[in-house]
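K.L.:
Need coordinates for the following:
(chains A and B)
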Amino acid sequence: MAVNLISEPDAVVPVGNCIEYELELDDPGTGSITKILGYQVWVGGNAVTDVERIQYTGEPEKIDISREVRAYLATTKQQPDVQILGTQDTAFTVDFYIKYGEISFDSDTCDTTVNLSSTSSTRTAINAAFQWYEDFSGLDAGEVVALSSRPLRNTVAADQTDWLWFFRKSGSGSVYVLTEEYGPGGLLASFSYDWVSAGAHLLGIGPANYSLSPALEDGVTYYKLKVYDAVPLGTPVYEYTFIIKPICSPYVNGNELYWLEPQGGYASLSFDNVRIGGSVSSGSYYLGRPCGDTPANAGINGGVRRINSKGFKRYQLNTQIPYVENVDRWLDGLFASQETFLRFKLPTGVNTLARFTIADGEYQVISNGPEQADDITINVIGDLHLPTNVLQ
Amino acid sequence: MSCCQCLKIKVLSPPAGVPSQYLENGELFLDLPADFNLEFSKALGELSEIDKIKDEATLAATLPQTPRNKAFFDYLKSFTRIGNTFDTVDVLVMEGSVTHNFTLLALTNSSDAAKTYEVQIKRGSSHWLTLAEKTYLAELDFGTFEFTFDNIVAYWAGNFQYIDGDAGIWFPLVHYGSWFKERTVVVEDMRPWHHMLAVLQKSFCAIGWDFRCPFLETDEGRQIGVYILGESYGSEDTTVESRKFRAHIETNPIETNPLLGLGIYQLPFEVEDYDPGGNYNPTTGEFSGVGIFNFKASLDVEFTIFTGSGPNPTYTVILYRHDPVSMTDEEVTKLTGPIPNGGGLVHIDFEAESVSIVPGQTVFIGLFTSDGIVSVIGYFYNEPERATYTRGDIIDIAGVIDPEMTILDFFKGVVHLLNGKIKTDWVNSVVWLYTPYDTEWQTNLIDGFYTDDIIDLTAVILDETEEVSITKEQRARYCLLKYKDSSDAFVEKNNLEQENAPLYSKLVDLGAGIEETENKENPLFEPTVNAKIDKFPDIPPLTINYSIDIPHLWDNTEGKQSFKIKPRLCFFYGYAIQQDPDASGLPLAYWRFDNFVFDKVPYAYQVPNMNIYLVGALTPMLLYGEDTDDFYNVAWKRDLHKLALSARVAYDGLVSTVYYKSIDFRPLHRIYYDGRTILARMIEVNNRQSCSDAPAQLVFVPEPFVGDYCADIISVPADPCASNQPRIFTSADIGAGTLTATADDSGIVSPIDTDTWEYSTDNGSSWLSYTPSTPVAPAPGETKVIFRRTVTFSDGCYAKVVTRTGDFAVSCSNNPTISITYDEGINTATATGGGDFNSSIDTDTWTVSLDDGAPVAYTPGDPVDNFEKAVFTRTVTFTNACPDITVTQTLEIEPPVCNNRPDLSWIEVSDCVYDLQVSGTVDSTICMTVIEISTDSGVTWQLWDNVPARAVSGLKARATFLYCDQCPASFVEKDCPLL
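P.N.:
This is a model prediction of the structure:
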């Protein structure tokens, strides 16, 4: 004579991978009483939906609340020049649960009673959507999970900004990070060790916003980021290598793209070649003027005027990097992402992010033969749709 | 099916013909194309131009012919399946966790060539609109009523105003075209009228919904009644059959029958052929069934001519109606015919039409001749024109309603009256019917649909999507609010309804537009006219009697009972003494009911012709115009102002599933767009696509600015009393803990007659007299005082009542805080208090809970240690009425929790020679200990060489303990004890 909670999500779930409950109303009511199933979604301590109703069907009902929870999650965007060390991203996680129970209607009194007296366990959603081929069961098991599908070996520009988000379920321990900096010839120049607590944290890992100590020294040609889930340090859970690509010439403003990866973190990619173009759109009208102006005035006052004029900056970005395993999957996330930004240098010299709309693009693996490693070329075409103010 | 598929259509009862491999755990989910979405539209609930209730709809959708879908739809479309009626199928449509109210799937087209199925997702069978559309009122159970004199009279005084749960009927005195008796109204002349609110409450309840209507739930709203009886009222087939009879004369007993008068014989028809109701008495030849009948007789009479009779002898057949009260035999119908000279056999066919019989009355046939009757044979029977309910019958209160009328038909008629706006509360299964705006009717302040709450939609609206349409020149200039065209014979006979001026209508001039008139006609109710009748002018012992005013509902002008009466409505004034407004003071009107004389009348009207004794003229009148309390002023006027402006504005907006489902058309919506802010009422949401980020179209009608109300546009006199707006100011004295109210009369135009103040400290349960500017303390534990002010005016303007709640808590500004200092190395926390207060603190109580243990008393400043989680709680109470405030501060330590208290001691090993010894307690593993000594009072230090040191002036030692975990290093410094 109740609503039974048949199943509920894991304690930690990625919001993009289904947050499903299964409820069963075991009693349709008798006599003048008609019962239906009721439930309400609560996120962050607040009810975010009305009481939803499902009539009695005699079967368990599956309810996916991921769309409702998703509205309350975000990954915090960072300005490019800001160094970030282990900052907790509180927007990245949110607690949720459902209240459920019976809604009964008494046809004798015409009264409806809403009794959502049962509450499911409080669960935590993270702002991530793992791919079908990715196993994210480690999230709930308390493993350290990098919120990125970037390859383990990366090429970064010397002035590039980049971040890496990690998540570990609360109560599972900390995330330990060891950085190693290597100079010419692969000599270990320095190393450091740090740790962040459980939850979602981000680290500035690009050469331009490198946040770990000691700072990147001149002459470092590559550095490694080793991530551990326990001390004393054993085998790293992740081991990323970042090969610094020297800046051969001043880059055109806007050679770096940032995008929100499906796994929840932001990543960046620096392009070697940037072509910028402009496009315009406008309407026009004839200024209604009587005949009779002098030729000089007619030249000033007469003729067609533009209206509703808009200008856009179009970018064609191109680069080539060594092909490594998984880089294609990582780039899939770039082309699919709805949150894409271009690094934009303000007249003050400070960098900021400008929203960028990818219009077209591709990547292509180039085989260099059996003796050499393959490369991958990446082409992206897109627009800055920030408005161009027009003086009228 | 993918788990995270956003839109799911689940067939609730999978047909047995769908193979099990297409089911998932016994459930059937239809295959949807990757780009599938349903397109939803939702509109403000109201009556449309074509008398439909606007609500919510989806567009048709196309499903692919996958094996699973094919298995399902093959079952649905099968021609060969016995009993296949191609009905809709119950489904559950879920978008994320949101369940949609569309739960019926209809297959509209199947194409094997295109490999598609066209389907329509419709409102579900649990939606009140679906149920109301297919549920007939007459089929419901509203209970029964015992049709007796006593019950009817009892109802007159007590039931003119509907009380939730009562029978919901009343019996006004109404002229239905004829009366059963000439000199008195009888029980059978009375018919039940239904209370409008009762019909709606009971019918919605019957379909699983509650019905609420602030207008109809006022005292006066509960006095609105409707005539919605079916044409067959009281004349159902079984009743009619029970009133039939047939009898014949088998022998020739005429000489033994009583002689009614000179030469008049009562024909006996002593053999009963058919009398299922037992209404015929073969002994007397009298029929006593109640109703309206055609009587027929066929006679073969052999006459003999008396000697001395004059020329052209005749006979007369008479149908008599015997009344037991007056003991009279009334001649109802007569037929006179010739008797052949010399006498002989005459065949007579006799017929009497539309003869009404009330209880106690009987009819029989008499035969008159001044000559002789040798023999009579023949038969006598009736053809009931209709039966009628008679005293003692049990009336099925719902069953007598027009069998063709659905709940929705009735509802639409009511919606039109109120220009109703509908809100469906899905959670509590309540359908609310509102007038558009807050309104005042008969001193009732009635909540309207539209509220002044403001929801800001700026973040939802997309730039450069505004579309404004102004239809001022495309729509009709005039709007005619009216009842349905009258089909009433009384109205027609008296030429009361003109084509251009329908009864009780209101013609509104919108100021601009095509010179045409748009009819806004009530889809159900026709107008009802009251008229004075003087049917009973002489009621002994009173010799002077005057007319009474009652509704006339006729379907004929031939003096017959009327039953083909279209739905009507009246205001049930109640049981009262009428008084002719044309004749000041007495005399009063009297009437007779079942031979009892009454001065009070169960009075109903749409527009009254009488006053009420000691009361005067009556309100309200149930008409669209012209009266201050008519439906136009109460419900239509302000809404038509918006029509006069004729502007609609649409924007594209991002409408999430949850927002779409919960869209409330009641509040104002504020939109900042293109540098300006508009306030508007949302009326539609169009093209919302499920599981899509694509924008939907939001349509608004801008809310007219008060300056837009131009009396010239709408030809209605402004309410001169509306400007009187007495106000109340409240203020709080924090120190004294009191609230004070003062008057603000700047909004009052009329001269004040009386100004009465009251206050309540129990949320309005009781009121005490109040003198403005007098401090009042809230009740213990409460912070609020409600002040009420009733102002009457001496220029005839109606009184105004205003209330204002003073809330002491609003003025309280007390913010206690807790500050915690934590020593990480030794896992010790200390809490201290702070904060800002504008009230005097009465008590300040602290507790601390360690590691989720029970809270224990805590003194600020005391250290607590050895924990992973500490919760400090501080409760501050105040000497005034400001509410108590409790604040908590939690300190949660992330592992490792450090509790390292190492110590360093000087141990004297010989005279003036000291060794160093490490002691104390540590939880962490010490990775490294560095001990240094100084002989110059700490100016310089050097590593200790593990050799005891001789005490010298300035000898000091210090130790640094480094741990293998994340705990901070510990540092201890000690002077040599000898020094």
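K.L.:
which stretch of helix or strand covers residue B:890?
P.N.:
strand B:885-892 (DSSP states H and E).
K.L.:
so what strands line up beside that strand?
P.N.:
Strand B:885-892 pairs in its sheet with strand B:869-878 (antiparallel), by DSSP bridges.
K.L.:
Can you tell me what sits against the strand holding residue B:890?
P.N.:
Under the contact criterion CB atoms under 8 Å, 6 or more residues apart in numbering or on different chains, strand B:885-892 has outside partners B:814-820, B:822, B:829, B:831, B:868-876. Heads up, the C-betas are built off the backbone N, CA and C, glycines and all.
K.L.:
Repeat the analysis, applying 10 Å as the threshold.
P.N.:
For strand B:885-892, the external contacting residues (CB atoms under 10 Å, 6 or more residues apart in numbering or on different chains) are B:812, B:814-822, B:829, B:831, B:833, B:835, B:837, B:839, B:845, B:847-850, B:855, B:864, B:867-878.
K.L.:
ok, then the element right after that strand?
P.N.:
Strand B:885-892 is succeeded, C-terminally, by strand B:901-910 (DSSP H and E).
K.L.:
Centre of the chain to the helix or strand following that next one, how far?
P.N.:
From strand B:901-910 onward toward the C-terminus, using DSSP H and E, the following helix or strand is strand B:913-921. Relative to its chain's centre, strand B:913-921 lies at 86 Å (CA atoms, centre = their mean, to the nearest Å).
K.L.:
strand partners of the helix or strand following strand B:913-921, parallel vs antiparallel please.
P.N.:
Next helix or strand after strand B:913-921 toward the C-terminus (DSSP H and E): strand B:926-934. The strands beside strand B:926-934 in its sheet (DSSP bridges) come out as strand B:942-943 (antiparallel), strand B:956-963 (antiparallel).
K.L.:
Most tightly packed of those strands?
P.N.:
Mean neighbours per residue, mean count of other CB atoms under 10 Å in any protein chain shown, is largest over those for strand B:956-963, with a mean of 19.
K.L.:
Let's see which of the contacts of strand B:885-892 end up in strands.
P.N.:
Judged by DSSP state E, these include B:815-822, B:829, B:831, B:833, B:835, B:845, B:847-850, B:864, B:869-878 as members of strands.
K.L.:
Mark which of those residues are buried, thanks.
P.N.:
Buried subset of these (neighbour count, 16 or more other CB atoms under 10 Å in any protein chain shown): B:816, B:818, B:829, B:831, B:833, B:835, B:848-850, B:864, B:870-874, B:876-878.
K.L.:
coming back round to it: can you redo the strands paired with strand B:926-934 as a markdown table with mean pLDDT?
P.N.:
Compiled in a markdown table, these are given as follows (pLDDT from 0 to 100):
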| stretch | mean pLDDT |
| --- | --- |
| strand B:942-943 | 80 |
| strand B:956-963 | 85 |
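K.L.:
buried ones in the top strand by length along chain A?
P.N.:
Secondary structure of chain A per DSSP E: the longest strand is strand A:304-322. By 16+ other CB under 10 Å, the buried positions in strand A:304-322 come out as A:312, A:313, A:315, A:316, A:317, A:318, A:319, A:320, A:321, A:322.
K.L.:
would TSV of those with distance to residue B:488 be doable?
P.N.:
Output for the buried residues of strand A:304-322, formatted as TSV (distance: CB to CB, whole Å):
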residue	distance to residue B:488
A:312	71
A:313	76
A:315	78
A:316	81
A:317	81
A:318	85
A:319	87
A:320	91
A:321	89
A:322	94
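K.L.:
Which of those sits closest to chain B?
P.N.:
Distance ranking of those against chain B, using CB to the nearest CB, places residue A:312 first at 14.7 Å.
K.L.:
pretty sure the closest one is touching residue A:356, no?
P.N.:
No - contact between residue A:312 and residue A:356 fails when scored by CB atoms under 10 Å: they sit 11.4 Å apart.
K.L.:
Which neighbours do these two have in common?
P.N.:
A:383, A:384, A:385, A:386.
K.L.:
Those in strands, which ones?
P.N.:
A:383, A:384.
K.L.:
Got a quick PyMOL command for the buried subset of the shared contacts of residue A:312 and residue A:356?
P.N.:
The buried subset of the shared contacts of residue A:312 and residue A:356, as determined by 16+ other CB under 10 Å, is captured in PyMOL by this line:
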select buried, chain A and resi 383+384
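K.L.:
Next, format the strands paired with strand B:926-934 as CSV and append distance to residue B:904.
P.N.:
Converted to CSV, the strands paired with strand B:926-934 look like this (distance: least, CB to CB, whole Å):
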stretch, distance to residue B:904
strand B:942-943, 14
strand B:956-963, 5
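K.L.:
nearest to residue A:69, of the ones you listed?
P.N.:
strand B:956-963 (41.1 Å; CB to CB).
K.L.:
Enumerate the positions of the helix or strand just after the closest one that are buried.
P.N.:
Next helix or strand after strand B:956-963 toward the C-terminus (DSSP H and E): strand B:970-975. For strand B:970-975, burial by neighbour count (16+ other CB under 10 Å) applies to B:970, B:972, B:974.
K.L.:
Same question for stretch B:171-184.
P.N.:
B:171, B:172, B:173, B:174, B:175, B:176, B:177, B:178, B:179, B:180, B:181, B:184.
K.L.:
just stretch A:93-109 next, same as before
P.N.:
A:93-94, A:96-106.
K.L.:
Restrict those residues to those that also contact chain B, please.
P.N.:
For chain B, the contacts drawn from the buried residues of stretch A:93-109 by CB under 10 Å from any CB of the partner chain are A:98, A:103, A:105, A:106.
K.L.:
what's the closest of those residues to chain B?
P.N.:
Distances from chain B to these, taken by CB to the nearest CB, are shortest for residue A:105, at 5.4 Å.
K.L.:
How about the contacts made by the closest one?
P.N.:
A:29, A:32-36, A:111-113, B:126, B:205, B:208-210, B:428-429.
K.L.:
likewise residue B:202?
P.N.:
A:110, B:137, B:140-143, B:164-165, B:167-168, B:194-195, B:211, B:397-398, B:407.
K.L.:
Fine by me, thanks again.
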